[in-house]
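[1] Make a model of this:
(2 chains)
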Amino acid sequence: KAGVTQTPRYLIKTRGQQVTLSCSPISGHRSVSWYQQTPGQGLQFLFEYFSETQRNKGNFPGRFSGRQFSNSRSEMNVSTLELGDSALYLCASSLGSSGDTQYFGPGTRLTVL
Amino acid sequence: DQQVKQNSPSLSVQEGRISILNCDYTNSMFDYFLWYKKYPAEGPTFLISISSIKDKNEDGRFTVFLNKSAKHLSLHIVPSQPGDSAVYFCAASAGRSQGNLIFGKGTKLSVKP
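    The predicted model follows:
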């Protein structure tokens, strides 16, 4: 079974631009969660989508948004990029029930200049 | 306020000996705990998990112990191998928010030959 895939793996943007990251979950998984990893804050939860609906949301500004498609693939969008948005963005998928394990993709390294 | 704490940023162990990584949590609603291993520039790799109804779970060289009264869990690796050198993250979730994993800041394990 293929693992979680994320595209692109690396991205360089400038302040003020917007960016879209993509995540394809493990086949059969209906839940996709997004996390931001930075050296200072560690891994922080952004949001979770399940069956095309946002089920949970972390404490990030509205510039961070996402969506999920009927095939469970998910995209994350960040508008009006700031220097502090430079981070590793990780996507994780699971079956979606309580106690199910989340499996992570390799991440997208975003650098904002 | 950190809900999941890994108080040791680093740990060095001799090959063949036991590695013990510790994690404390504050939220009594957490009912599922996981350990992930992470190499630089890669996504976290799932290692082992434990439900709050258990106090021990074992998988090969890895054992996780949960002490609910102390709100403490630990990961034991026996015997430690140089390939175990990585950053280890403890994570927790609460039933209805299972898609939202709360991570500790990680412990960097170095296993010396």
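
[2] Only alpha carbons, please: show stretch B:80-94 as PDB.
    Only the C-alpha atoms of stretch B:80-94 are listed here, as PDB (Å, rounded to 0.1, in the frame of the first residue of the first chain):
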ATOM      1  CA  SER B  80      19.200   0.200  21.600                       C
ATOM      2  CA  GLN B  81      20.800   0.200  18.200                       C
ATOM      3  CA  PRO B  82      22.600   3.000  16.300                       C
ATOM      4  CA  GLY B  83      19.800   3.100  13.800                       C
ATOM      5  CA  ASP B  84      17.500   4.200  16.600                       C
ATOM      6  CA  SER B  85      19.200   7.600  16.700                       C
ATOM      7  CA  ALA B  86      16.500  10.100  15.800                       C
ATOM      8  CA  VAL B  87      14.100  12.600  17.400                       C
ATOM      9  CA  TYR B  88      11.300  10.900  19.300                       C
ATOM     10  CA  PHE B  89       8.000  12.600  19.700                       C
ATOM     11  CA  CYS B  90       5.300  11.800  22.200                       C
ATOM     12  CA  ALA B  91       1.700  12.700  21.100                       C
ATOM     13  CA  ALA B  92      -1.700  12.500  22.600                       C
ATOM     14  CA  SER B  93      -5.300  12.800  21.600                       C
ATOM     15  CA  ALA B  94      -8.700  13.100  23.200                       C
END
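
[3] what about that stretch, distance to the chain center?
    5 Å (CA atoms, centre = their mean, to the nearest Å).

[4] Same check on stretch B:92-104?
    With CA atoms, centre = their mean as the basis, stretch B:92-104 stands 14 Å off its chain's centre.

[5] what's it in contact with?
    Contact with stretch B:92-104 is made by A:31, A:33, A:35, A:42-45, A:48, A:50, A:55-56, A:58, A:92, A:94, A:96-100, A:102, B:2-6, B:23, B:25, B:27, B:29-34, B:89-91, as judged by CB atoms under 8 Å, 6 or more residues apart in numbering or on different chains. Where C-beta positions appear, they are placed from N, C-alpha and C, glycine not excepted.

[6] Of the residues you listed, just the buried ones, ChimeraX syntax please.
    Command for ChimeraX that selects the buried part of the contacts of stretch B:92-104, burial taken from 16 or more other CB atoms under 10 Å in any protein chain shown:
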select /A:31,33,35,42,43,44,45,48,50,55,56,58,92,94,96,100,102 /B:4,6,23,25,30,31,32,33,34,89,90,91
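
[7] from the contacts of stretch B:92-104, which ones fall inside strands?
    Judged by DSSP state E, the subset of the contacts of stretch B:92-104 located in strands is A:31, A:33, A:35, A:42-45, A:48, A:50, A:55-56, A:92, A:94, B:4-5, B:23, B:25, B:32-34, B:89-91.

[8] which ones are touching the closest residue to A:Glu52 other than its chain neighbours?
    Nearest residue to A:Glu52, sequence neighbours excluded (CB to CB, 6 or more residues apart in numbering or on different chains): A:Gln68, at 4.9 Å. When contacts are counted by CB under 8 Å, 6+ apart, A:Gln68 touches A:Val32, A:Tyr49, A:Phe50, A:Ser51, A:Glu52, A:Thr53, A:Ser74.
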